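J.: Coordinates only, no sequence provided:
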């Protein structure tokens, strides 16, 4: 079994919390601890996950070099899409074919390997990243990660709480007060909703 | 008697040394990360000290940073969180050296 924490490096740095302390907290959580009872640590590890998406990808081919998988930032952190192994397999397969073609022609220069990128653009590896290129900035934003979960819970609580004899606030008044409590402007809420629909709709 | 202060380096019943002892490193002769202590002395955050998963950065009494490259995961966290240009020079270890993950 492998258990770990995915986090943002700037926030790890500003919090001053040690990484192994976060993992220990997760393992001690009442929902997780029973699953780990009697287990022993076999290996401790740390990796970087490049989650910037399509717009942060490096050049995928250079003279004598093809870049595949997470080295090419082919990890998708976009809400319902949490993928990477599929892109590693797909790009590795395409890189193997590109290398085979380049060797057969005797041209392993960047130009000779250019078909690799075209191949990836034509299939799910880069098509999915391109389609969701604006997703990481929204999904990993402070509002979506930290403010909206609590805001939605409070909104649901406000909707279903009976406040007799005080009249229940209307939907708009409730949304406005809950948003204000979480430091969110209605304009931001509407803007993020629209962005979300454009990206995922 | 007051209770012993919590050990910052001991979590979940395992010491940091025991944790690191589970990892296999083929240590190269060349230090693949270099730290410029002169730049570090002017740094106020020293984020590398708390963020490095292998705890390889130690502040020195003169305000600099002491770095030990042998047990490095090569994750790049230090380089990513460093806010001072030129303080950390980051490269991968030479071929055949560095961390060896056995369980992914």
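T.: The structure has been received and is ready for your questions. Source: prediction; values computed, not measured. Numbers count the residues shown, from 1 in each chain, chains lettered A, B, ... in the order given.

J.: and the helix or strand residue A:93 falls within, what other elements does it pack with?
T.: Assigned by DSSP states H and E, residue A:93 falls within helix A:85-105. Here helix A:85-105 touches strand A:65-66, helix A:115-121, helix A:124-131, going by 3 or more Cβ pairs under 8 Å, 6 or more residues apart in numbering or on different chains; DSSP states H and E. For the C-beta atoms, the positions are set from N, CA and C on the backbone; glycine is no exception.

J.: In this structure residue A:181 contacts residue A:154, no?
T.: Yes: with contact defined as Cβ atoms under 8 Å, residue A:181 counts as touching residue A:154 (6.8 Å).

J.: can you count the residues close to residue A:121?
T.: Residue A:121 has 13 neighbouring residues, counting by other Cβ atoms under 10 Å in any protein chain shown.

J.: give me the number of residues near residue A:151?
T.: 19.

J.: Please say which of residue A:181 and residue A:154 ends up with more neighbours.
T.: Neighbour count, other Cβ under 10 Å: between residue A:181 and residue A:154, residue A:154 has more, with 16 against 12.

J.: distance of the residue nearest to the more buried one when sequence neighbours are not counted from residue A:161?
T.: Nearest residue to residue A:154, sequence neighbours excluded (Cβ to Cβ, 6 or more residues apart in numbering or on different chains): residue A:178, at 4.8 Å. Applying Cβ to Cβ, to the nearest Å, the value for residue A:178 to residue A:161 is 12 Å.

J.: The two: who's more crowded?
T.: For residue A:178 versus residue A:161, neighbours defined as other Cβ under 10 Å are more numerous around residue A:178 (22 against 9).

J.: which ones are touching the more buried one?
T.: Counting by Cβ atoms under 8 Å, 6 or more residues apart in numbering or on different chains, residue A:178 makes contact with A:151, A:154, A:155, A:158.

J.: number of nearby residues for residue A:39?
T.: Residue A:39 has 10 neighbours, counted by other Cβ under 10 Å.

J.: Quick check: it touching residue A:1?
T.: Yes: using Cβ under 8 Å, residue A:39 is in contact with residue A:1, at 7.0 Å.

J.: any weak-confidence spans in chain B?
T.: B:1-12 (pLDDT under 70).

J.: tell me which parts of it are close to chain A?
T.: Where chain B comes near chain A, counting by Cβ under 8 Å from any Cβ of the partner chain, the residues are B:8, B:11-12, B:14, B:16, B:18-20, B:22-23, B:45, B:47, B:50-51, B:53-55, B:73, B:75-77, B:80-81, B:101-104.

J.: Residue ranges of each domain in chain A, please.
T.: A:1-46, A:54-132, A:141-200 (automatic domain parsing).

J.: Make TSV out of the ones you listed and add mean pLDDT and distance to residue B:95.
T.: Shown next, in TSV, are these (pLDDT from 0 to 100; distance: least, Cβ to Cβ, whole Å):
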stretch	mean pLDDT	distance to residue B:95
domain A:1-46	93	21
domain A:54-132	95	14
domain A:141-200	93	38
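
J.: Most tightly packed of the ones you listed?
T.: Across the domains of chain A, averaging neighbours per residue (mean count of other Cβ atoms under 10 Å in any protein chain shown) puts domain A:54-132 on top, at a mean of 17.

J.: Do me a favour and get the end-to-end distance for it?
T.: 8 Å (Cα to Cα, to the nearest Å).

J.: how distant is that domain from the center of its chain?
T.: Computed by Cα atoms, centre = their mean, to the nearest Å, the chain-centroid distance of domain A:54-132 equals 19 Å.

J.: residue nearest the centroid of chain A?
T.: Nearest to the mean C-alpha position of chain A, by Cα atoms, centre = their mean, lies residue A:77 at 1.9 Å.
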